[in-house]
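*Asks:* Sequence first, predicted coordinates after that:
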Amino acid sequence: MAVSKRQDEYFDDLETMSPGEREEYQRRNLTETVNHAYHHAPAARELLDGAGIKPGDITDAKSLEKLPVTRKTDLIELQKANPPYGGFLAVPPEDVERVFLSPGPVYEPIQHSGIKWFARSFWAAGFRKGDIAVNTFTYHLSPAGILFHEALRDCGATAIPTGTGNTELQLQTMYDLKVTGFVGTPTFLMSIIKRAEEMGYDFRQDFSLRLAWFTGEMLPPSLRATFEQDYQIDAFQAYAVTEPGGAIAYECHQKSGLHFMDEYLIEIIDPETGKQLGPGEVGEIVVTPLHNRTWGLLRFGTGDMSAFTMEACPCGRTSARLTGIVGRTGDAVKVRGMFVVTRQAEGAIMSLPAVSTFQIVVGRREHRDDLTLKIELADESADRDRLTADLQRRFQEACRLKIDRIDFVTKGTLLTEHPKVVDERKWD
């Protein structure tokens, strides 16, 4: 793989491919992947045969719609019925270098450790030779710890395998070795910082931490602001899925979405139909690995809901970008052809301080989906006309749907544990 001359910014030339180059790159790797899976992984052969298609029928991203989506529950059942890999192993067993284990359990074989699974993500965040990073993910069973470790080394950084827990030992290590980078979850880093302050440290002055790379949890804007403004720690996040084997998308310094990794073909689909959705439409993230010949896994449904944008990123990377994980498929209700995801709706509505709590009620009126937003006010003196306009605008921007009615209800009407979205539609 050629390395870009702009080594200070890009990890490799894949990140700046033209649309035509990327289409050809994906087409070539997808056809090789599907053909290899069909001829070496019995489960993949059964999947294609069951759909009535041949490997040659999968020629580009759009043609993947011909295949059913395989989800984690399917993998678990297939591995129980046909242990250990459920028929998806696509190399001789003796060629498997490692086996990881994700909850379920799901056994995940890896053959070629030379694939730089996460290095592009760490490079985009600014990890370089001279950095010393604590890797606080576990090194046993799950792939996170060792794959992140290797990615840090691919970028030239020194990796310290601290693993999970042991907050005070983590602190001592970070202090003694003048650690500049943190790899882990945002909540664990905040726990470390708070513990340091309880012990009398001034974290910003006494520690050398300048970079943080997060995955495994969402990074709320408020927490990012705390890290970056209060502690001068540049915070980045990546989206990773264990079953397909790596980082799916990652942030650059613009932090305006997560760039797709070119080791995967990524779709956003309607989870009910399997059909691909366009830019801005919320759907399920579905992943097909393009370089992992060990796994005959095609069209893996993550269960995570997101949307993507094709707008150019000022960083110069040319891939599409995820606009953020907004929830899980079980949290989504389809209304007038669009998915309303609880977390996404909540983010828009609760961003207004005058709102105490809310409930969305989906009904049917004259053969049309009807959307009612019930609102309890934190401040009864709030200007309801202005608030109505603000709610309409923010909800439509987030969910791409217009609310039919906004009802201001008496405080206490909506119970503390009430469901945020209620579907009252009848389909008799």
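*Replies:* Here it is on my side, so go on.
*Asks:* the strands in the stretch 301-428 of the chain, which residues?
*Replies:* All strands of the stretch 301-428 of the chain, identified by DSSP state E, counting those that start in this stretch, fall at 308-309, 321-322, 327-328, 332-335, 338-341, 355-364, 369-377, 405-408, 421-423.
*Asks:* Select, out of those strands, the one closest to residue 66.
*Replies:* Distance to residue 66, taken as Cβ to Cβ, is lowest for strand 308-309 among the strands of the stretch 301-428 of the chain, at 21.2 Å. In this view, the C-beta of every residue, glycine as well, is placed from N, C-alpha and C.
*Asks:* Distance from the chain centre to that closest one, please.
*Replies:* With Cα atoms, centre = their mean, to the nearest Å as the basis, strand 308-309 stands 13 Å off its chain's centre.
*Asks:* One more: stretch 199-216?
*Replies:* That offset, for stretch 199-216, works out to 24 Å (Cα atoms, centre = their mean).
*Asks:* Okay, buried residues for that stretch please.
*Replies:* By neighbour count with 16 or more other Cβ atoms under 10 Å, stretch 199-216 contains the buried residues 203, 207, 209, 211, 212, 213, 214, 215, 216.
*Asks:* Could I get the strands of the stretch 301-428 of the chain in CSV, plus columns for mean pLDDT and mean neighbour count?
*Replies:* Output for these, formatted as CSV (pLDDT from 0 to 100; neighbours: other Cβ atoms under 10 Å):
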stretch, mean pLDDT, mean neighbour count
strand 308-309, 97, 20
strand 321-322, 96, 24
strand 327-328, 82, 18
strand 332-335, 82, 18
strand 338-341, 81, 24
strand 355-364, 92, 18
strand 369-377, 93, 19
strand 405-408, 94, 14
strand 421-423, 89, 16
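*Asks:* which stretch among those strands comes nearest residue 16?
*Replies:* Closest approach to residue 16 among the strands of the stretch 301-428 of the chain (Cβ to Cβ): strand 321-322, 14.2 Å.
*Asks:* a markdown table please, covering the buried residues of stretch 199-216 and showing secondary structure and distance to residue 36.
*Replies:* Output for those, formatted as a markdown table (DSSP: H, G, I helix; E, B strand; the rest coil; distance: Cβ to Cβ, whole Å):
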| residue | secondary structure | distance to residue 36 |
| --- | --- | --- |
| 203 | helix | 49 |
| 207 | coil | 47 |
| 209 | coil | 43 |
| 211 | strand | 37 |
| 212 | strand | 38 |
| 213 | strand | 32 |
| 214 | strand | 34 |
| 215 | coil | 28 |
| 216 | coil | 30 |
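*Asks:* Out of those residues, which one has the weakest pLDDT?
*Replies:* Note: of the buried residues of stretch 199-216, the lowest pLDDT belongs to residue 216, at 84.
*Asks:* Next one: that one from residue 371, what distance?
*Replies:* 33 Å (Cβ to Cβ, to the nearest Å).
*Asks:* what residue ranges in the stretch 1-150 of the chain are flagged as low confidence?
*Replies:* The stretch 1-150 of the chain contains residues with pLDDT under 70 at 1-7, 112-115.
*Asks:* nearest residue to the spatially most central residue of the chain other than its sequence neighbours?
*Replies:* With distances taken as Cα atoms, centre = their mean, residue 239 lies nearest the centre of the chain, 3.3 Å away. What sits nearest to residue 239 in space, not counting adjacent residues and going by Cβ to Cβ, 6 or more residues apart in numbering, is residue 249, at 4.5 Å.
*Asks:* which residues touch residue 131?
*Replies:* Residues near residue 131 by Cβ atoms under 8 Å, 6 or more residues apart in numbering: 152, 155, 156, 157, 158, 180, 181, 211.
*Asks:* And the second one, how close does it get to residue 417?
*Replies:* Note on residue 155: its distance to residue 417, by Cβ to Cβ, is 45 Å.
*Asks:* Likewise for the first one?
*Replies:* Distance of residue 152 to residue 417, given as Cβ to Cβ: 42 Å.
*Asks:* still on that earlier bit, with the buried residues of stretch 199-216 in mind, which one is nearest to residue 320?
*Replies:* Nearest to residue 320 out of the buried residues of stretch 199-216 is residue 215 (Cβ to Cβ; 19.1 Å).
*Asks:* So that closest one sits against residue 242, correct?
*Replies:* No. Using Cβ atoms under 8 Å, residue 215 makes no contact with residue 242, being 10.7 Å away.
*Asks:* which residues are in contact with both of those two?
*Replies:* Contact criterion Cβ under 8 Å, 6+ apart; residues shared by residue 215 and residue 242: residue 144.
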